[in-house]
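Student: Give the three-dimensional model of this entry:
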Amino acid sequence: LKSTMQHINLQISHDAKERPDTVKQKNAFPPNFIHSLDSTHMMLTSLHCYSAGLTFVSVHDCFWTHALTVDTMNKICREQFVTLHSQPILQELSNFLLLKYCSTVQTQAKNKKYQEYRRLMLLLAKVPQTGQ
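Tutor: Below is the predicted model of the structure:
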């Protein structure tokens with residue numbers, strides 16, 4: 001890539017036509033999903049701290065405020081955690097995935113594609129019970 005300010009050589013070290021590694025994809029989903037929930041919790045906490053007039057700073061999963069407002073931030077942090085995790089998050093994810101990937105009707109019960117489709121439907125519909 002050449003521009004008026006610099007020249008950059010870009011080299012792609014993988015085959016662009018190579019299929020994705022499905023094992024890596026499957027293994028990456030759970031931690032990334034949990035990370036997104038942690039991030040959502042942080043954002044909710046920061047928004048509620050802002051509404052309460054608190055100074056709020058975060059780095060990764062560490063939250064900071066002035067010493068005088070730590071108790072208030074702690075209360076907000078806990079409330080937002082409970083509020084977030086009181087939502088049917090996994091059920092909503094299941095519903096979304098079923099709608100996205102299993103909304104077309106497969107009719108041939110003996111077809112191999114139908115069997116894969118049915119397995120996927122059953123897997124995506126299987127949501128663990130919530131705890132206390």
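Student: Contacts made by stretch 81-91 with the rest, please.
Tutor: 37, 40, 41, 44, 127, 128, 130 (C-beta atoms under 8 Å, 6 or more residues apart in numbering). To be clear about C-beta, it is placed using only N, CA and C from the backbone, and glycine gets the same treatment.
Student: hmm, try it at 6 Å
Tutor: Residues outside stretch 81-91 that contact it (C-beta atoms under 6 Å, 6 or more residues apart in numbering) are 41, 127.
Student: List the buried residues for that stretch?
Tutor: Buried residues in stretch 81-91, counted by 16 or more other C-beta atoms under 10 Å: residue 84.
Student: check contacts around residue 3.
Tutor: With contact taken as C-beta under 6 Å, 6+ apart, residue 3 is in contact with no other residue.
Student: Dead centre of this structure: give me the residue that sits there.
Tutor: For the chain, the residue nearest the mean C-alpha position is residue 33 (3.1 Å; C-alpha atoms, centre = their mean).
Student: nearest spatial neighbour of that one, skipping sequence neighbours?
Tutor: The shortest distance from residue 33 to any residue that is not its chain neighbour, by C-beta to C-beta, 6 or more residues apart in numbering, is 7.8 Å, and that residue is residue 93.
Student: can you tell me the helix or strand for the one you found?
Tutor: Secondary structure from DSSP states H and E places residue 93 in helix 89-101.
Student: Next, the buried residues of that helix.
Tutor: For helix 89-101, the neighbour count (16+ other C-beta under 10 Å) marks residue 94 as buried.
Student: For the protein, just list every one of the helices.
Tutor: Secondary structure of the chain (DSSP state H): helices at 22-51, 70-85, 89-101, 112-125.
Student: Which among these is found nearest to residue 6?
Tutor: Comparing the helices of the chain by their distance to residue 6 (C-beta to C-beta), the top pick is helix 22-51, with 33.5 Å.
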